[in-house]
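Novice: need coordinates for the below:
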Amino acid sequence: MMDLRQAQRQLTTDLTPLYGSREAALIADWVMEHLTGHRKIDRLTRSAESLPDPILRQYNIYRSELLAHRPVQYVLHESWFDGLRFYVDENVLIPRPETEELVQWAAETIPPSGPLLDVGTGSGCIAITLARRLPTLPIHACDISTGALHIASRNADYLGAHITFHHLDFLDRQTWVNLPGVQWLVSNPPYIPLGERFAMAPHVVDAEPALALFVPDTDPLIFYQAIAEYSSRYLQSGGAVFVEIHEGMAGPVAEMLRTHGAADVEIRKDLSGKDRMIKGKW
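Specialist: Numbering: from 1, shown residues only. I've put the predicted structure just below:
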């Protein structure tokens with residue numbers, strides 16, 4: 001038998017060598033809330049209650065997966081983004097706080113008219129959040145992964161967002177004719193050079209889809225090149241592009257957008273003070 005207090009303490013202790021004490025405590029709290037349906041303050045008043053056998057069995061399954069470096073978001077199949085709960089699994093990138101900042105910037109800037117395209121939608125967090133914040137906009141989203149599009153569609157249905165999804169490889173210029181003309185483009189494309197994977201945590205490198213994370217060391221701006229070309233050819237006049245970027249590539253990405261006709265290019269830092277997003281107008 002194990003009570004609520006013992007279960008949370010044990011999980012925090014087990015995860016501390018992997019994540020550090022603070023993050024381990026946060027993960028343990030998240031797991032216990034997911035298992036019991038009770039918030040932390042409620043669990044404190046019930047801390048001596050024993051875990052029922054079905055919940056204890058699930059607890060041990062979660063614990064084993066977490067100790068094997070599987071991210072808690074995949075273990076619980078949930079990730080929070082802009083206050084919304086998204087279903088996630090290994091088919092999609094786990095939504096990040098800096099992407100929330102990109103969406104916030106776009107939502108505050110884009111007027112309530114004109115179609116929008118999310119390139120590389122993954123879980124659908126960008127497209128769905130913008131659809132809810134800007135409900136009058138026609139929203140389109142594309143991805144090369146059928147698994148990702150299945151997850152994004154599931155999230156759109158669950159969260160009540162109308163999105164038109166397109167299955168295509170955005171790097172293949174010939175597929176662009178299958179997309180509608182849009183006025184706004186928002187994207188968190190892959191941008192981490194493959195060589196940087198050796199410095200990244202195992203629960204990122206070994207669990208999240210490489211297709212959504214990495215680009216060739218020899219061509220790290222491959223997606224921004226495609227986005228810039230697409231925008232110069234297909235973006236409606238008066239439109240704009242909002243993209244998340246690698247913290248060390250702000251200058252080259254900004255110059256690439258300008259080379260393809262973007263004006264008023266603006267670089268913004270995230271809350272950590274890193275150059276993390278760029279806007280360009282056409």
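Novice: how about the contacts made by Asp14?
Specialist: By Cβ atoms under 8 Å, 6 or more residues apart in numbering, the contact list for Asp14 reads Ala24, Arg63, Leu66, Leu67. C-betas here are computed from N, CA, C, even on glycine.
Novice: so His140: helix, strand or coil?
Specialist: strand (DSSP: H, G, I helix; E, B strand; the rest coil).
Novice: my error: substitute Thr121 in the last question.
Specialist: Thr121 is classified as coil under three-state DSSP.
Novice: tell me the contacts of the residue nearest the centre of the chain?
Specialist: Nearest to the mean C-alpha position of the chain, counting by Cα atoms, centre = their mean, stands Pro95 at 2.4 Å. Contacts were defined as Cβ under 8 Å, 6+ apart; by that measure Pro95 touches Ser79, Trp80, Phe81, Phe86, Val88, Gly122, Ser123, Cys125.
Novice: cool, Trp282 as well?
Specialist: Ser231, Ser232, Leu235, Ser237, Gly238, Gly239, Ala240, Val241, Gly261, Ala262, Ala263.
Novice: what's the answer for Gln10, then?
Specialist: For Gln10, the contacting residues are Met2, Arg63, by Cβ under 8 Å, 6+ apart.
Novice: domains in this structure, by residue range?
Specialist: Domain assignment of the chain by automatic domain parsing yields the ranges 4-68, 79-281.
Novice: okay, those domains, which one's buried deepest?
Specialist: Neighbour counts (mean count of other Cβ atoms under 10 Å) averaged over each of those peak at domain 79-281, with a mean of 18.
Novice: where do the helices sit along the stretch 101-250 of the chain?
Specialist: Along the stretch 101-250 of the chain, counting by DSSP state H, counting those that start in this stretch, helices occupy 125-133, 146-159, 202-205, 210-213, 222-234, 250-259.
Novice: including mean pLDDT and distance to Val31, could those go into TSV?
Specialist: Output for these, formatted as TSV (pLDDT from 0 to 100; distance: least, Cβ to Cβ, whole Å):
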stretch	mean pLDDT	distance to Val31
helix 125-133	98	22
helix 146-159	98	21
helix 202-205	82	14
helix 210-213	93	25
helix 222-234	97	34
helix 250-259	97	37
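Novice: any idea which of these gets closest to His34?
Specialist: Distance to His34, taken as Cβ to Cβ, is lowest for helix 146-159 among the helices of the stretch 101-250 of the chain, at 16.6 Å.
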